[in-house]
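# Provided below are the primary sequence and the corresponding predicted coordinates.
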Amino acid sequence: MELFQGETMKAELLLGGYAIVTGEKEELDTLWEKFGILFVEPTEILECEQLSEGVGQQSQICIESDRLGKGSGVLMAYLDSGIDYRHPEFLTDAGKSRIDEIYDLSGEEPRVYDNAVIEEALGLPREEGDRLVRSRDVSGHGTHVAAIGSGRSGVAPESEILMVKIGTGRDDQSSTAVLMRGIDYCVRRALLRQIPMVINISYGNSYGAHNGSSMVEQYLNEMLNYARMTVVVGAGNEGAGNGHFRGFLESNQPIGAKLSVADVQPQFMFQFWKRFEDVMEVEVFSPEGKRALLSFLPGCRSYDLGRVTLRVTTAGPSPVQQDQVLLMELIPEGDFLTAGIWEIRVGRMENRRMQFDIWLPVKSRLAVLTGFLNPTPESTLTIPSTATRVITVGALDTRYGQVADFSGRGFSWLKPGEKPDLVAPGVGVVSAAVGGGYTAKTGTSMAAPFVAGAAALLMEWGIVKGNDRFLYADKVKAYLIRGASPVSGVESYPDERAGWGSLCIKNSLFED
C-alpha cells in the first residue's frame with residue numbers, strides 16, 4: 001500500500017502507523033516536511049546469528065507434559081534465509097507440505113508461494129519444481145532453524161510453517177526495513193487466517209542504544225498488540241566478541257578504551273553512546289600517535305589521523321530516545337586501516353558520575369583480531385532482541401549445562417539481569433540441512449526456535465484447546481519464565497547471562 005510518492009521517493013504503509021520510505025538521499029532528507037511524519041530513522045544492516053557449524057551433540061530440552069500437544073493449530077513464522085521446502089522435516093507422513101507459505105523478500109519485489117504452489121512443485125521433478133518455487137535457502141540457516149522449531153523431529157512437529165525470506169546473498173545479510181516488512185506480513189497473515197502465531201527471529205546487529213528505543217524495537221512491541229502472537233528473538237553471539245566497552249567516569253581521571261585493529265581490517269563504523277545531558281571530552285588516538293578531539297555539536301565532521309580519516313556524525317536525542325550517539329567511521333587511504341592499538345580516551349567535564357558505551361559491528365563483520373583489549377561482555381545483546389516485549393533467548397551449552405561464552409547478555413541502561421529472558425540449547429545443535437540430511441550448527445539462532453516451538457505448544461494448549469484464550473505475547477513469556485530450570489554456575493535469578501534459567505515448559509503449567 002502506498003502512502004505518498006515523490007520523484008524518487010515512495011512510502012509503504014505498515015501497521016501501527018509506521019512506514020518504509022525509499023528513494024534518493026536528497027529527497028529523503030525532506031521527509032520531515034511531509035505532513036504526519038513524526039520521526040525518521042535510517043535502516044540498519046542485520047546479520048544472521050550463527051557461528052561455525054561445530055560438532056553435533058544431544059540437545060535435550062525439558063518439554064514433556066501429558067497436557068501439551070505438538071503445536072497443531074499454531075502458525076510458526078520464521079524470518080530467515082529461506083527454507084528447503086523439499087526436506088522431509090517439512091512434509092507429513094503422506095508426503096504433503098506443512099508449509100503454509102514462503103514469502104520471499106530477497107528481491108526487488110516480494111514473491112509469494114502458497115501451499116498449493118509448493119504442493120505442485122513437490123509433484124514435479126526437482127528441476128521443474130524449482131522453476132515453479134524459485135525461492136532458495138543458500139546458506140541453510142533458515143532450513144536448520146525452522147526444523148528445530150517446526151520440523152517433524154522438532155519441538156512443535158504439527159505446527160504450520162510460514163517462511164519469510166529476509167536474507168540476501170551468500171552471507172544472508174538483511175536490514176531492519178526488510179525485517180519490519182516481514183513482521184507486517186506475518187501479522188496480516190495471522191489476522192487473515194485468525195490463527196495464533198509464533199514469530200522466530202534469528203537476526204540482529206549491534207547498532208543502537210540497546211535499551212529498546214530504536215524504531216524496530218518499538219515496532220515489534222507494538223505489533224504484539226495486533227494479533228494473538230508471541231515473538232522470540234535470539235540474543236546474538238557477541239558475548240565473547242570483544243565488541244563492547246563500557247566506561248564509568250567517577251573522577252577527573254579519563255578512561256581509555258583500547259581497540260586492537262588487525263592487519264587486514266577494512267573500514268568500519270562503530271557507535272559511542274552517552275546520555276545527552278552528560279558533557280564529555282572524547283579523543284581518538286591512532287597507532288601512529290595522531291590525535292582527534294571530537295565535537296558533540298550536531299552534524300558530520302572529518303578528522304585527519306594520518307593514513308586514516310575518522311568521520312563522525314553526531315545524532316540524538318530524538319523524539320523516541322533521550323541519549324546521544326557519535327557514529328564513528330574509520331576510513332583508510334587504501335584497502336585496510338592502520339593496524340595496531342587505537343585508543344578512545346574519555347574524560348568528564350562536570351563533577352558527577354557519567355557512563356558511556358561503545359559498540360563495534362558484530363564480530364562476523366570484523367577481522368578476527370579486531371576488538372577491544374579491555375572489553376565489557378555485558379550489554380552484548382543484539383538488536384532487536386533488546387525489544388522489551390519479545391522473548392530473548394541465550395544459548396546453553398548442554399555438554400556442561402552452562403551458558404555458552406558467546407551468548408549475548410544484559411541490557412545497557414536498564415537494570416542488570418533484565419535480558420535475556422531464558423536460555424536453550426545453542427551449541428552443536430543437529431537439524432535439517434539443505435538438500436536433505438542433517439548438520440550441526442552453533443549460535444543463539446539455534447536456541448531461539450527451541451523456545452519458539454515451546455511457545456507454540458503453550459499456545460496450542462491455551463488458545464487452540466480452549467484452556468486459556470489469552471495465552472500469547474507477554475503471558476507466554478511469563479509462563480516460560482515460571483517453568484525455567486536452574487543453570488549450572490548461576491546463583492541468583494534473573495542473571496545477565498542466563499535470564500531466568502533454562503527452557504523447561506513441563507513446569508510452566510499449573511497442576512490440576
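The structure has been received and is ready for your questions.
# For residue 68, which residues are in contact?
457, 458, 460, 461, 505, 506, 509 (CB atoms under 8 Å, 6 or more residues apart in numbering). The C-beta positions use only the backbone N, C-alpha and C, and glycine is treated the same way.
# Please apply the same query to residue 180.
Contacts for residue 180 were tallied using CB under 8 Å, 6+ apart; they are 14, 18, 20, 216, 219.
# most neighbours, which of these?
residue 216 (25 neighbours; other CB atoms under 10 Å).
# quick one: average pLDDT of the longest helix seen in the chain?
The longest helix of the chain (DSSP state H) is helix 176-193. The predicted model gives helix 176-193 an average pLDDT of 95.
# Only the buried residues of it, if you could.
Neighbour-count burial for helix 176-193, counted by 16 or more other CB atoms under 10 Å, picks out 176-187, 189-190.
# Equivalent analysis for stretch 273-286, please.
So for stretch 273-286, counting by 16+ other CB under 10 Å, buried means 273, 274, 275, 278, 280, 282, 284, 285, 286.
# and the helix or strand hosting residue 478, how far out from the chain's middle?
Assigning secondary structure by DSSP states H and E places residue 478 in helix 474-483. Here helix 474-483 is found 20 Å from its chain centre; the criterion is CA atoms, centre = their mean, to the nearest Å.
# who does the residue nearest the centre of the chain bridge with?
Centroid-nearest residue in the chain: residue 204, 2.8 Å away (criterion: CA atoms, centre = their mean). Counting by DSSP bridges, residue 204 is bridged to residue 47.
# quick one, what contacts it?
Contact analysis of residue 204 by CB under 8 Å, 6+ apart lists 46, 47, 49, 233, 234, 236, 362, 381, 382, 383, 384, 385.
# do residue 305 as well
Taking CB under 8 Å, 6+ apart, one finds 284, 286, 288, 290, 291, 292, 338 in contact with residue 305.
# same deal with residue 350?
Per CB under 8 Å, 6+ apart, neighbours of residue 350: 278, 279.
# Would you mind measuring from it to residue 280?
9 Å (CB to CB, to the nearest Å).
# If you tally nearby residues, what's the number for the closest residue to residue 181 other than its chain neighbours?
In space, and not counting its chain neighbours, residue 181 is closest to residue 105: 5.9 Å by CB to CB, 6 or more residues apart in numbering. Each residue near residue 105 was counted by other CB under 10 Å, and the total is 22.
# surely residue 105 meets residue 182?
Yes. Counting by CB atoms under 8 Å, residue 182 is a contact partner of residue 105 at 5.9 Å.
# Overlap of the contact sets of these two?
Between them, residue 105 and residue 182 share the contacting residues 164, 166, judged by CB under 8 Å, 6+ apart.
# What helix or strand is residue 86 located in?
Going by DSSP H and E, residue 86 is not in any helix or strand.
# Distance-wise, check the closest residue to it other than its chain neighbours relative to residue 132.
Closest residue to residue 86 apart from its sequence neighbours, by CB to CB, 6+ apart: residue 122 at 6.7 Å. Going from residue 122 to residue 132 by CB to CB gives 10 Å.
# Now which of the contacts of residue 305 would you call buried?
The neighbour count (16+ other CB under 10 Å) marks 284, 286, 290, 292, 338 as buried among the contacts of residue 305.
# where do the strands sit along the stretch 401-512 of the chain?
Assigned by DSSP state E, counting those that start in this stretch, the strands in the stretch 401-512 of the chain fall at 402-403, 422-425, 429-432, 438-441.
# helices or strands up against the last one?
What that stands for is strand 438-441. Contacts defined by 3 or more CB pairs under 8 Å, 6 or more residues apart in numbering; DSSP states H and E place strand 438-441 against helix 141-150, strand 429-432.
# Could I get the buried residue list for that strand?
Quick answer for strand 438-441 (16+ other CB under 10 Å): 439, 440, 441.
# on that earlier part again, where's the residue nearest to residue 86 relative to residue 134, distance?
Relative to residue 134, and taking CB to CB, residue 122 is found at 15 Å.
# Between those two, which is the more surrounded one?
With neighbours defined as other CB under 10 Å, residue 122 and residue 134 compare such that residue 122 has more, 18 against 12.
# Just the element for the closest residue to residue 293 other than its chain neighbours, please.
Once flanking residues are discounted, residue 293 sits nearest to residue 283: 5.4 Å by CB to CB, 6+ apart. Taking DSSP H and E as the definition, one finds residue 283 inside strand 280-285.
# circling back to that earlier point, residues in contact with the residue nearest to residue 86?
Counting by CB under 8 Å, 6+ apart, residue 122 has contacts 85, 86, 91, 95, 96, 97, 129.
# Now, of those, which are buried?
85, 86, 91, 97, 129.
# wait, isn't the first one in contact with residue 134?
In this case it means residue 85. No. Using CB under 8 Å, residue 85 is not in contact with residue 134; the gap is 11.3 Å.
# Check the buried ones among the contacts of residue 305 and tell me the two furthest apart.
Farthest-apart pair in the buried ones among the contacts of residue 305 is 292 and 338; separation 13.3 Å (CB to CB).
# quick revisit: do you know how far the residue nearest to residue 86 is from residue 77?
Distance, residue 122 to residue 77, using CB to CB: 21 Å.
# Residue 436 too?
In terms of CB to CB, residue 436 sits 24 Å off from residue 77.
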